[in-house]
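Chemist: No letters, just coordinates:
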């Protein structure tokens, strides 16, 4: 599935795979926060933080369900 999602959904950005965050050090500041997934690009996601920052090419392994 490629492109924008019909209904953006929320996920929690986890810190378990910190080495994956090294490609974009700005992600470390948002670890543990709830973000909104706005686009799918194969196995990668585009997310938007609550303060309006967007990150492209984020792997699904860093995103976990909000509940649980």
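Modeler: Arrived safely, thanks for sending. Quick caveat: nothing in here was measured; it's all calculated off a predicted structure. Numbers count the residues shown, from 1 in each chain.
Chemist: hey, let's count contacts and neighbours off CA atoms from now on
Modeler: OK.
Chemist: show me the biggest strand of the protein in terms of residues.
Modeler: strand 2-13 (DSSP state E).
Chemist: remind me which residues of the chain are low pLDDT?
Modeler: 1-2, 15-24, 68 (pLDDT under 70).
Chemist: Quickly run through the sheet partners of the longest strand of the chain, with directions.
Modeler: Note on strand 2-13: by DSSP bridges, its sheet partners are strand 34-41 (antiparallel), strand 63-64 (antiparallel).
Chemist: closest one to residue 55 among those?
Modeler: Comparing those by their distance to residue 55 (Cα to Cα), the top pick is strand 34-41, with 9.8 Å.
Chemist: List the buried residues in the closest one.
Modeler: Using 16 or more other Cα atoms under 10 Å as the burial criterion, the residues of strand 34-41 that qualify are 34-40.
Chemist: which one of these sits closest to residue 66?
Modeler: The nearest member of the buried residues of strand 34-41 to residue 66, counting by Cα to Cα, is residue 34 at 7.2 Å.
Chemist: ok, now which ones touch the closest one?
Modeler: 10-13, 49-50, 66 (Cα atoms under 8 Å, 6 or more residues apart in numbering).
Chemist: Identify the residue nearest the one residue sitting closest to the centre of the chain in space, chain neighbours excluded?
Modeler: The centroid of the chain falls nearest to residue 47 when counting by Cα atoms, centre = their mean (4.5 Å). Distances taken as Cα to Cα, 6 or more residues apart in numbering put residue 37 closest to residue 47, at 4.4 Å, once the chain neighbours are dropped.
Chemist: So what sits opposite that neighbour in the bridge?
Modeler: residue 9, residue 47.
Chemist: Compute the distance between it and residue 59, please.
Modeler: 11 Å (Cα to Cα, to the nearest Å).
Chemist: Likewise for residue 25?
Modeler: Distance from residue 25 to residue 59, by Cα to Cα: 15 Å.
Chemist: what do you get for residue 52?
Modeler: Using Cα to Cα, residue 52 is found at 19 Å from residue 59.
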